[in-house]
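Q: Give the three-dimensional model of this entry:
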Amino acid sequence: MNHTSANAHSQTLKVALVHDFLTQSGGAERILDCLLDLFPTAPVYTLIYSPARIGQRYAKRKIRPSVLQTLPGAQLHSKWYLPLMTWATDRMALPADLDLVISDASAYAKGVRVPPGVPHLCYLHTPTRYLWSVRDEYVRDAPIPAWIRPFVGPVLDHHKRWDYLAAQRPDVYIANSRHVAAQMEQYYNRSADQVIFPFVDLDRFSPAPTVSDYVLTVGRLEPYKRIDLVIEACIQLSWPLKVVGTGSWLERYRHQYRSHTNVEFLGRVSDEELPQLYAQAKVFVFPASEDAGITPLESMASGRPVLAFKAGGALESVIPGVTGEFFTEQSVAALVAALGNGQWTRYTQTDIRHHAEGFARPEFERRFMDVVDRLMQRTARSRQASVPTTKERYGQ
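A: Numbering: from 1, shown residues only. Take a look at the predicted model:
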């Protein structure tokens with residue numbers, strides 16, 4: 001199916017989209033934006049919608065928040081209502097006349113209950129991280145008041161049981177990486193029907209004629225992202241570092257490293273500034289173990305090499321010897337050695353950019369719509385087979 005026919009096909013289906021939360025702008029929201037372009041009339045069902053936090057980007061879309069939306073403080077402090085998330089997901093009411101439900105999920109959206117006979121396709125960003133892969137780190141690092149901590153374990157245990165059962169509900173899964181596909185098998189005993197890596201906006205990111213001398217890292221400033229490794233390594237090397245992103249640890253980092261003038265915390269930057277920062281960095285560092293990871297692709301689309309921790313989705317996007325290098329241990333010493341050996345300086349902008357072009361959005365859309373097409377054909381055959389023949393109906 002080509003790009004044009006995919007769009008034409010999508011216009012004929014009555015689709016509902018389901019997204020965990022509309023409270024931040026990140027990689028999951030880029031996928032949602034793409035799905036909204038493919039299915040422009042589709043409503044978006046979500047647990048909480050916060051225009052105050054994400055602006056008006058969905059102001060013209062049909063957003064259907066859950067019963068949590070009107071609870072005090074929910075739009076700005078959604079984590080307050082974590083114990084109610086499973087309950088609210090189970091009570092999302094989708095129309096009965098849908099042709100298809102598409103969820104893109106990092107947590108709850110995959111568990112939405114769809115009307116009988118309506119197929120459910122889930123694009124899975126990750127099994128719910130704080131229930132499975134990083135539960136201990138979440139409990140340790142989350143800013144949870146001491147009086148609440150005794151209740152956290154039982155709540156997470158309940159959510160884990162629900163999450164496993166909810167993961168059995170979709171009919172078809174697309175995993176966003178082979179890494180996530182393996183985790184699905186491990187945690188949910190489900191196989192991915194397809195793996196489609198997230199796309200990069202090749203029109204937005206492009207190489208620059210000149211390059212500066214700073215190291216760049218981009219991401220949410222949370223403990224598991226391990227931005228601290230990049231900071232400490234650049235301090236040891238006395239290399240300039242620009243850190244882009246916000247998060248619960250931004251102010252902590254700013255205070256902790258306030259005396260190190262080579263480290264610059266830029267916070268949230270504009271859509272115009274970010275491509276320039278990528279294109280002029282001497283190297284981009286990706287220190288986290290991520291399920292996919294779009295920022296290395298943005299760096300490569302900008303023609304800049306990537307130095308990544310050898311784990312997760314980076315193994316599927318970074319090509320050592322062509323677009324960057326890996327370091328094998330999440331430690332300051334390992335990162336200092338990898339930065340200092342200069343292997344990543346050998347690669348050309350042309351080769352790096354060429355690799356990123358394999359992750360173009362039209363290719364993502366084509367492969368996604370191929371899965372939709374196969375699912376709808378399978379659903380049609382199933383419905384046809386369930387209609388009794390004349391002989392069966394009248395006993396002839």
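Q: pLDDT on stretch 228-243, on average?
A: On average, the pLDDT along stretch 228-243 is 98.
Q: same thing with stretch 350-357?
A: On average, stretch 350-357 scores 97.
Q: got it, and stretch 248-261?
A: 95.
Q: Next: stretch 157-164.
A: Here stretch 157-164 scores 94 as its mean pLDDT.
Q: Any idea how many residues pack against Ser289?
A: The local packing of Ser289 (other C-beta atoms under 10 Å) involves 21 other residues. The C-beta positions use only the backbone N, C-alpha and C, and glycine is treated the same way.
Q: Tell me if it really is in a strand.
A: No - when classified by DSSP: H, G, I helix; E, B strand; the rest coil, Ser289 is found to be coil rather than part of a strand.
Q: right, and the secondary structure at the nearest residue to it once chain neighbours are set aside would be what?
A: Take Ser289 and drop its neighbours on the chain: the residue closest to it by C-beta to C-beta, 6 or more residues apart in numbering is Ala311, 4.0 Å away. Here Ala311 is recorded as coil under three-state DSSP.
Q: quick one, longest helix in this protein?
A: helix 361-386 (DSSP state H).
Q: Please identify the buried residues of it?
A: Buried residues in helix 361-386, defined by neighbour count with 16 or more other C-beta atoms under 10 Å: 361, 364-369, 371-372, 375-376, 379.
Q: Pick out the lowest-pLDDT one from those.
A: Out of the buried residues of helix 361-386, that is Thr379, at 92.
Q: In space, what's closest to that residue - neighbours in sequence excluded?
A: Spatial nearest neighbour of Thr379, excluding adjacent residues (C-beta to C-beta, 6+ apart): Pro119 at 4.8 Å.
Q: Repeat that for Leu266.
A: With sequence-adjacent residues excluded and distances taken as C-beta to C-beta, 6+ apart, Leu266 is closest to Val244, at 5.0 Å.
Q: hey, what's that neighbour bridged with?
A: With DSSP bridges applied, Val244 shows beta-bridge pairing to Val218, Gly267.
Q: from memory it sits against Tyr214, does it?
A: No - judged on C-beta atoms under 8 Å, Val244 makes no contact with Tyr214 at a distance of 11.3 Å.
Q: Neighbour count: those two, which is higher?
A: Val244 (20 against 17).
Q: How about the contacts made by the more buried one?
A: Counting by C-beta atoms under 8 Å, 6 or more residues apart in numbering, Val244 touches 216-219, 266-269, 274, 277.
Q: nearest to Ala167, of the residues you listed?
A: Gly219 (26.4 Å; C-beta to C-beta).
Q: Tell me how many other residues crowd that closest one.
A: Neighbour count for Gly219, taken as other C-beta under 10 Å: 22.
Q: how far away is it from Pro296?
A: 11 Å (C-beta to C-beta, to the nearest Å).
Q: next one: Tyr58
A: Using C-beta to C-beta, Tyr58 is found at 27 Å from Pro296.
Q: Going by how many neighbours each has, rank those two and give me the top one.
A: Per other C-beta under 10 Å, whichever of Tyr58 and Pro296 has more neighbours is Pro296, with 28 against 19.
Q: quick one, what contacts the closest residue to the more buried one other than its chain neighbours?
A: Of all residues not flanking Pro296 in the chain, Val306 sits nearest, at 4.6 Å (C-beta to C-beta, 6+ apart). Val306 makes contacts with 283-286, 296, 299-300, 314, 318, 323-325, 344, as judged by C-beta under 8 Å, 6+ apart.
Q: out of the buried residues of helix 361-386, who's nearest Asp171?
A: Using C-beta to C-beta, Leu375 is the member of the buried residues of helix 361-386 that lies nearest Asp171, at 6.9 Å.
Q: The residue nearest to Ser289 - how many residues pack around it?
A: 14.
Q: Helices along the stretch 251-396 of the chain, start to end?
A: Applying DSSP state H, counting those that start in this stretch to the stretch 251-396 of the chain gives helices spanning 273-280, 295-301, 314-317, 332-340, 349-356, 361-386, 390-394.
Q: So what touches the fifth one?
A: With contact meaning C-beta under 8 Å, 6+ apart, helix 349-356 is reached by 200, 202, 205-207, 297, 300-305, 319, 322-324.
Q: Apply 6 Å and report the result again.
A: Contact with helix 349-356 is made by 200, 207, 297, 300-301, 303, 319, 322-323, as judged by C-beta atoms under 6 Å, 6 or more residues apart in numbering.
Q: what angle separates it from helix 273-280?
A: Orientation of helix 349-356 against helix 273-280 (axes from the mean of the first three to the mean of the last three C-alpha atoms, to 10 degrees) gives an angle of 130 degrees.
Q: Give the buried residues for helix 349-356.
A: For helix 349-356, by 16+ other C-beta under 10 Å, it's 349, 352-353, 355-356.
Q: Redo those residues as TSV? Include distance to Ser177.
A: Listed next are the buried residues of helix 349-356 as TSV, based on distance: C-beta to C-beta, whole Å:
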residue	distance to Ser177
Gln349	25
Ile352	20
Arg353	21
His355	16
Ala356	16
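Q: separation between Ser103 and Val114?
A: 9 Å.
Q: I meant to write Glu137 there.
A: The value you get for Glu137 to Val114, if C-beta to C-beta is used, is 33 Å.
Q: and those two? which has more neighbours close in?
A: More neighbours surround Val114 than the other of Glu137 and Val114, with 20 against 14 (other C-beta under 10 Å).
Q: contacting residues for that one?
A: Applying C-beta under 6 Å, 6+ apart, the residues near Val114 are 101, 120.
Q: same question, the one 5 residues further on
A: Going by C-beta under 6 Å, 6+ apart, Pro119 touches 100, 171, 375, 379.
Q: Any figure for the gap between it and Pro72?
A: According to C-beta to C-beta, Pro119 stands 37 Å off from Pro72.
Q: returning to what we had before: state the pair within the contacts of Pro119 that is farthest apart.
A: Pairwise distances across the contacts of Pro119 peak at 9.9 Å for Leu100 and Asp171 (criterion: C-beta to C-beta).
Q: the more surrounded of the two?
A: Neighbour count, other C-beta under 10 Å: between Leu100 and Asp171, Leu100 has more, with 22 against 16.
Q: The more buried one contacts Lys14, correct?
A: No - the pair Leu100 and Lys14 fails to qualify as a contact (C-beta atoms under 6 Å) at a distance of 7.5 Å.
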